[in-house]
Structure formats: structure tokens, C-alpha cells
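Engineer: Just to be clear, the model below is a prediction. Sequence and coordinates:
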Amino acid sequence: LLSYPVILKVQHHRRSHFPECMFIYSDQNALGRIDVKSGKLVWRLAFEAGSRGVVNYLHISRSGLFSVRSNGTLMQKFDNANGALLREAELQNLPCEMVDIRESSDTVFILACDKLHAFNLDGKQLWTRKLHNQTDIPWQIHIGIDSKSENVLVALGDAELVGHFVIYCSSITGSLHAYDITSGEDTELAKNVEMISEIDAFSPNCFCIRTVSAVRCFYESFSGKFIERVVRVVNNSLISGVQQLVPMMLAVWTVADDNISVDIYDESGAHRGSVKIPIDSSILIADVVQVQLLKADEKGSHFLIVILTEDHTMFMMKESGEVIWTRYEALAKIASAEIVDLPLSETETLIEQEFLNFNGKYMEVSLEFLTVIHEFLGNILYNFVKRIFNEIFQLQTYIVHLFSDVFGLADIFGLNLLRNRTKNRLERDQFGLHKMIVASASSGTIFGIDSSHGDVLWKLYIRDAVPYTHSQVWFPIFIQRTTAFYPYPAQCAVVMKHKHSGNALIVTFNPITGDVFDKVYLNFTVDQASLLPFKDDKHASVLLLMDKENDHAYIFSNSPLDKSVLLKKPISVVKLDRKTGVCNGFQLTTLGGQYNQIHGLQQWNVHSQGRVLGNRSVLYKYLNPNLGVSLTRTVDDRAKDDITVTIFDAVAGNYTFWNEKYRRMEISVVEMYEGESQSDPLSFSSYRQLQPIVYHQTYIFPQGLSAVAVSETEKAITPREEGVIPYAPDLPIATDHIINYNQTLINVRGIHTAPSGMESTSLVFIYGLDLFFTRINPAGTFDILKEDFDHWLITVVLLGLTCAAVFSRKLAKNKELKQSWC
């Protein structure tokens, strides 16, 4: 991935002049080459984060790709084929945002602020000229080449150089002028020109001015005067751009709701044709931001079109509207991700349906014996017939599975699975390794990714929605209901901020199909959102929303929620202000209601209940269900970062443990124990003064870290023994622990883990400029057979033992019979 394109340049073939590839620089400081035919990424370079890695300008020459980055301080030349760095030169020391590049007579001219540099096509610097005495010129800069005199022209100000003419618009009269640099003559080209949005210079004798509703093009005649030839005016749509397909052939396009209209003009201004490209609304769900035309023949009558939309999606389309390829660049800026279980398989669905009555609802088991007998006798015949058919279908499933997975003969015998079975149906596998990855991007797009092959199965774009930005982009996804509650579908909720009002927007959707259930616009700004341990009558978890203006809390649920549910299990809410560093604790209650005692609810996994010491005694862990962790970073005058970890009680607010470290990359492990005697967890109270025993170990990590996550399993089984091995501060990196092997992951922004169906296996999803999904075994593969396991040997041994048991039993009976006759 590259992320949102900022600069897009197209390279054409030398002989056929057809588009060969595209060079794209993105807002994530990444530069790459994309193949026009397939849309695949050929190569990619990731520069430094911040202003030093920003590319200001790109220029394609026949010998390589020239780039100016780091605010005009550095020139680099790359190989077009593989992205290798061929030449590098320093332009200046001070940063400068005004940069322009032109090429003429095998010479590349680079203008950065007040210096003009000349390079040959090999990247070797020829000469440097200083243009002004000031160190910084606070105007726009344009550079042009006069083809007649072969002079390099530099214009300072809001103007455009076309050959030896300076094209500008007078702010007093509102007219368009052309100033001849050689003769000093100023010619008025057009009067009462509207607000010009862009001046496009295509050649030394042709340029176009573009306004909101019109395009006016001018050509230089033999007498040296510019003549207006092309005029395109639209009423119901907006002019999107103008482009030169071939010499003396211009294309003007406008974007409407359901199509893109392209008009072609020649040098005389004659209209040569128009094409309307239909756009499917299911494909183009966001507004068009940029359009690029690529010619498909030598005459320029047929072309391809590249479309960049607001949701950071790039399309390559034909004139007929057929999509050739699609790139989802929004995946490079994932803000949050969740891993969701797939729906039940057909066999498991049939088993679940046995608990449904003929109306399709769950049978309500009453406490009264007569009611149970009545419901059972009324459905006994239906359940019996249903069980017979289910057994037949389960047998069919087993046969198809046997022929397909074991022998691979399902297609030969024509066994095309069960009823209601579709091709590539999303269903849960036996070990829970096949998942659905739901990811939200900062562009307001939500993706559903298949974990088995990484394909995007569905995309959901929320218009006018932006993420929350605190210290980082916050675009949370909450799993309200999983696929375990059959027949209700899975449900997720995402909390966003409206672009114009700034209020909260909540969208609930199906994470398996991408179907939207509901979209709710709130009239307040959300400062904090979290899931509550309560479920409604449809087994969906409830969202808690904290108002930013005051300390009011709101409950979000798709179905009405009884207040008595909140009174049974009240909870504490911790609100932390990132700017002031103040942490406040609140008790969640209903208006006018009273609350009872707080019940302990498990919010995370405890990896073993205790620690076995060297004398074989057990040191029990400090299990406080109300613990909260705060990580604070402060910077002093000496530019040293202090990291303070504060572990506090969310109910009483008592400090438990704090520590600060800096100067090097460290990984700290903090464990808290009660002692050798374990207290009763049911009678725990946050107001009881109990000082835990803190075990703290810090390890020096030899490399830098960009993201950290903890592996998860269903039961959190981890082998823990007393550390008999002497403590070593350096934490070595074992080569067999590197999970991505030789696949380099660039700009990793986050890691998300999830448990699988096997206790030894944890699923890991890593996102950044690259997406990486794998499974790891943190405690070893204790529930998985090894690859070299001899199935035939164990089968022969079992058969031999079975035969020996039967034969010895026969011998024992004969022996017993003989002894009876004796």
C-alpha cells in the first residue's frame, strides 16, 4: 500500500507513447511505482516521518525519476525500474516550500527558493545560480523554458510561464494578460475573467485557464499572438480538469453524479467528440477528488481513466465504465481493527435449529411442568421429522467433506455440498482459524477483510465522518454481538465525529456482510466510549458514551433497556484528561435511582493465578478487579522523556505502583501478588487497605519499537515457572521468534491479537503501510500434532493391539473352559 496519493505522475513508453506505469507519492511519505495494466505495486520506498521525508516535486525523465524532498533541501534520482537510488545532491541548508522542476535539452533545472540548479540526466550537478539577495522569497515561483532562445525563465508571483510569455490575471481590471519577456509587450487576452482556479501550460505555445464552469484554451499563432480556440462552458456540472492527450489534442472532463463526461478538442477549437463514462453507484460511493486520463491509442480517440475518490480508493476504468483494477489505499491508514468469528457452519446451524420451534423462535422453557409437557407434545412430530432430515444432511456433509478434503474427488462425483450452500461461503472452520478482520480507516471507511487470503470482501463508507484526534487517531470499533447468538447476526458499532457539526455519529453494521443496521446522529460530542457488561433482549452489548461538555453519561442500545438492569450491576467509570492529566472516577447510576454494591466482572485474562517459587510454595496474585493503568509521558527542558506508569484503583482512587524510566528502549514487566495466602475474591473491597507485593523486572530491548501487543488465547494458558535462570538485563531476539521472516513490514502503526479455537494458537493482525496476518504459538504447540507425526504407524499399532486383545480374549476363554472341565 501507499496511502492517499499527493503527487501522481504517468510514464509513457518511449516508442508507442502508451502509459506504462504511474509514480505516486502519498501522504505517508511513501514513493512507489504502480503498473498501469494490473494495478500492482512494483516497488516502494518509505522515507522518514515528518517534514524531512516529504517529497515536494517529482519529475520523470528518460534516465530516471527526479525528486526534491525535505522542503527543497535534497535532490534524489531513482531508477524507474526498481527504485534504486542513483544520485543524491544537497540543494540548500534552509528549508523551502517553493519548488519547481523543468527539463530542456537533456538538462534538468530545479528551482528551490532563491537558487536555480542545473543537472544533467545522470543527476550530476552542472551549475548553481542565486536569484535574489534575500534568503527567502515569499512569493510563488514558476520556472519555464523558452524554446526559441533556450533561456531559463523564472517568474516570481502568481503567474505562469508559457514559452517566453508570462500569463497572469490583473487584480484591478480582472482581465487575462500575456507579457512578452523578449519585447516587453503586454497583451490583453480576455476581459472580465472569472476567478481562475488553475492555469495549465501544456506546451510553449498552448495553455488553458480553468474556472468553475468554463475552460478557455489559447494557442500561439504564427504572428506570435495568442488566439482563443477552445471554449467549454457547462451549466449543470463543474469543470474537473483539462489534459493534453496527444499534441494538439485536448480533453476536458466534468464529473456528474452518475457519469464522467469527456470532450475532445483539436488545435483549431473544433469539437472532435465526447464520451460519457457511466459509473456504477455501488462502486463509486464517495465523491471524486482527482481524474487522470491515459490514452489507449496513438490518435488519442480512446483512453483509460484513473479516478481517485474521497474515501482514498483508486480505480482504473475503460470508456465503457468497466473497472480494470481497484486499489484501497485507505487501508494504509487503519485507525482500529477487530477480529470477528465467522458464522456457524451448516452442520452447526442445523444443530442450533433443533432448538427452534416451527415459528422460528427460541422455545421458552417454563418452570411449570405442564407448560413444558404441552410444548413438547405439540412439537414432537415436527421435531422427529426434523431430526431425521438433519441426520441425512449431516451424513451428506460428512461424505462431501471426506471426498473433498481427504480424497479430493468431490467435483468428479458431482457432490456440490448441501442445500443453501453457496460457493466460497463464509463459515467457521473446525479450529477457529478463519476469521473476519474488521478495520476502520481514518478516511471514514470500514473494511471487511478475509483472514485466509486477505481479500476485501466488503467496504462501507460513512460520508461526512472523521475520526477523533487526541494524541492519535481514534476510530473505535465495538463488537456488540458475536456470531454465537444464533439466529441473530453479528453486530458491530463504530463511533465517529461528524465533519461539520462535530457531534457524535454511531453506525451499527453487520461485520460479516457489511450491511448497515442503523445510523444515529447525536446532538453532543463524545469524549469517551466503551462497552458495558450489559446486554439487551437481543444479546447485544450496550454502549456507554461520555459527554465532552459535562459529566453526563448516555446509554446507547438498539432496543429498549430496563433501568433495573443498570441497578443490578452498576459500574465505575474513569475519565482521564490527556491535556491536564487529571483522572476522575465516576459511579454510573440512573437518574433518580439508587445503586447497590458493585459486582466484580472480569475485564481481562489472568495468565495463571499464582507463581510457583523455588521452595514449591505458591505466591498468589493480587487480583483487584478495579485496577486501572495510566501511562504519562513528560518532557523536561533537557529534552528527556520521562515515562510514568501509575496503577490505581478505579473505585477508591488509591495509588498502587508507579515507576519511571528513560534513555533507552526497555520492556518492563510488573506483577503484583497478595502473598502466600489467597484472600476470598467474593468479599473483595477497594476500600480495604491491602498493599500488594510488587515484582518488577526490566529488560533492555536491542531495537526500536513502533507497536506492542499481547497474545491472547481463550483460557490464557501459559507455562509459568520460577525464574531459576539468572536474570539478564539484555533481552535477545531469537531468529525463530521473528514471525514475518523475510517480509519487511514498513511503518507499522498497530498490532491486534485475538484467540482462536485452539488454546495454543493466537491470531495476530499487523497494520501500517503493509497488512500482515499470521498465527503464533506463545506456549508451544501442545495441542497440535507435529508435522512428522506417523499416522500409519499409530494406526498399525492400534489395529495390532485390537487384534491382540481379541485373540488373547479368545485364548483366555478357552483356557478358562479347559480349567472348568478339569
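Structural biologist: Here it is on my side, so go on. Residues are numbered from 1 along each chain as shown.
Engineer: Residue 261: neighbour count?
Structural biologist: Residues contacting residue 261 under the criterion other C-beta atoms under 10 Å number 16. Where C-beta positions appear, they are placed from N, C-alpha and C, glycine not excepted.
Engineer: in a strand, that's where it is, yeah?
Structural biologist: Yes: counting by DSSP: H, G, I helix; E, B strand; the rest coil, residue 261 is located in a strand.
Engineer: what bridges to it?
Structural biologist: Taking DSSP bridges, one obtains residue 254, residue 276 as the residues bridged to residue 261.
Engineer: Where do the helices of the stretch 351-500 of the chain begin and end?
Structural biologist: Taking DSSP state H, counting those that start in this stretch to define them, one finds helices in the stretch 351-500 of the chain at 369-378, 380-401, 410-413.
Engineer: Lowest average confidence across the ones you listed, which one?
Structural biologist: With a mean of 48, helix 410-413 has the lowest mean pLDDT of those.
Engineer: Next one: residue 102 relative to residue 110, how far apart?
Structural biologist: 8 Å (C-beta to C-beta, to the nearest Å).
Engineer: So if I had to pick from these two, which one is more boxed in?
Structural biologist: residue 110 (25 against 17).
Engineer: residues touching the more buried one, list them.
Structural biologist: 66, 68, 75, 91, 99, 100, 101, 116, 117, 118, 119 (C-beta atoms under 8 Å, 6 or more residues apart in numbering).
Engineer: repeat for residue 73
Structural biologist: Taking C-beta under 8 Å, 6+ apart, we find residue 73 in contact with 90, 91, 92, 93, 94, 95, 96, 112.
Engineer: Make a PyMOL selection of the buried ones in those.
Structural biologist: Buried subset of those, written as a PyMOL selection, criterion 16 or more other C-beta atoms under 10 Å:
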select buried, resi 91+92+95+96+112
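Engineer: Which ones among the contacts of residue 73 map onto strands?
Structural biologist: Using DSSP state E, the subset of those located in strands is 90, 112.
Engineer: so can I have JSON lines of the contacts of residue 73 showing distance to residue 207 and pLDDT?
Structural biologist: As requested, the contacts of residue 73 are exported to JSON lines (distance: C-beta to C-beta, whole Å; pLDDT from 0 to 100):
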{"residue": "90", "distance to residue 207": "34", "pLDDT": "90"}
{"residue": "91", "distance to residue 207": "28", "pLDDT": "89"}
{"residue": "92", "distance to residue 207": "30", "pLDDT": "84"}
{"residue": "93", "distance to residue 207": "35", "pLDDT": "82"}
{"residue": "94", "distance to residue 207": "32", "pLDDT": "80"}
{"residue": "95", "distance to residue 207": "31", "pLDDT": "82"}
{"residue": "96", "distance to residue 207": "26", "pLDDT": "78"}
{"residue": "112", "distance to residue 207": "24", "pLDDT": "82"}
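Engineer: Residue 495: neighbour count?
Structural biologist: 25.
Engineer: Verify the stated contact: it with residue 467.
Structural biologist: No: look at residue 495 against residue 467 with C-beta atoms under 8 Å: they stay out of range, at 9.3 Å.
Engineer: quick revisit: now list the buried members of the contacts of residue 110.
Structural biologist: Buried among the contacts of residue 110 (16+ other C-beta under 10 Å): 66, 68, 75, 91, 99, 100, 101, 116, 117, 119.
Engineer: Check those residues and tell me the two furthest apart.
Structural biologist: Farthest pair in these (C-beta to C-beta) is 66 and 116. Separation: 14.8 Å.
Engineer: Could I get the pLDDT score of residue 119?
Structural biologist: 91.
Engineer: Who are the contact partners of it?
Structural biologist: Taking C-beta under 8 Å, 6+ apart as the criterion, residue 119 is in contact with 66, 75, 89, 107, 108, 109, 110, 125, 126.
Engineer: And the fourth one, its phi and psi?
Structural biologist: When read as degrees, to the nearest 10, the backbone of residue 107 gives phi -130, psi 130.
Engineer: where along the stretch 351-500 of the chain do the strands fall?
Structural biologist: Taking DSSP state E, counting those that start in this stretch as the criterion, the stretch 351-500 of the chain contains strands spanning 435-441, 445-450, 456-461, 465-466, 468-469, 473-474, 477-481, 491-498.
Engineer: Most tightly packed of those strands?
Structural biologist: Most buried of those, by mean neighbour count (mean count of other C-beta atoms under 10 Å): strand 435-441, with a mean of 25.
Engineer: mind listing what residue 285 touches?
Structural biologist: When contacts are counted by C-beta under 8 Å, 6+ apart, residue 285 touches 309, 311, 459, 461.
Engineer: so the last one sits right up against residue 311, yeah?
Structural biologist: Yes: in this structure residue 461 lies within contact range of residue 311 using C-beta under 8 Å: 4.6 Å.
Engineer: Find the residues that touch each one of those two.
Structural biologist: Taking C-beta under 8 Å, 6+ apart as the contact rule, residue 461 and residue 311 both touch 285, 286, 444, 445.
Engineer: shaky segments in the stretch 601-750 of the chain?
Structural biologist: Counting by pLDDT under 70, the stretch 601-750 of the chain has low-confidence residues at 601-609, 614, 625-626, 630-644, 648-664, 681-682, 684, 686-689, 718-725.
Engineer: Return the per-residue confidence for residue 776.
Structural biologist: 91.
Engineer: Which one of the buried ones among the contacts of residue 110 is nearest to residue 792?
Structural biologist: Distances from residue 792 to those, taken by C-beta to C-beta, are shortest for residue 66, at 64.0 Å.
Engineer: Excluding residues flanking it in the chain, which one is nearest the closest one?
Structural biologist: Closest residue to residue 66 apart from its sequence neighbours, by C-beta to C-beta, 6 or more residues apart in numbering: residue 59 at 4.3 Å.
Engineer: quick one: contacts of the helix or strand hosting that neighbour?
Structural biologist: Using DSSP states H and E, residue 59 sits within strand 55-61. Residues from elsewhere that reach strand 55-61 (C-beta under 8 Å, 6+ apart): 6-7, 9-11, 23, 25, 29, 31, 47, 65-69, 71-72, 80, 97, 99-101, 103, 108, 121.
Engineer: go on, stretch 527-537?
Structural biologist: The contact list for stretch 527-537 (C-beta under 8 Å, 6+ apart) reads 476, 478-480, 495, 541-548, 555, 557-561, 565-566, 569, 571, 573, 575, 601.
Engineer: Next step: the residues you listed restricted to strands.
Structural biologist: 478-480, 495, 541-547, 555, 573, 575.
Engineer: Identify the farthest-apart pair in those.
Structural biologist: For the ones in strands among the contacts of stretch 527-537, the farthest-apart pair by C-beta to C-beta is 479 and 547; their separation is 23.7 Å.
Engineer: Of the contacts of strand 55-61, just the buried ones, PyMOL syntax please.
Structural biologist: Here is the PyMOL selection string for the buried members of the contacts of strand 55-61, based on 16+ other C-beta under 10 Å:
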select buried, resi 6+9+10+11+23+25+29+31+47+65+66+67+68+69+71+72+80+99+100+101+103+108
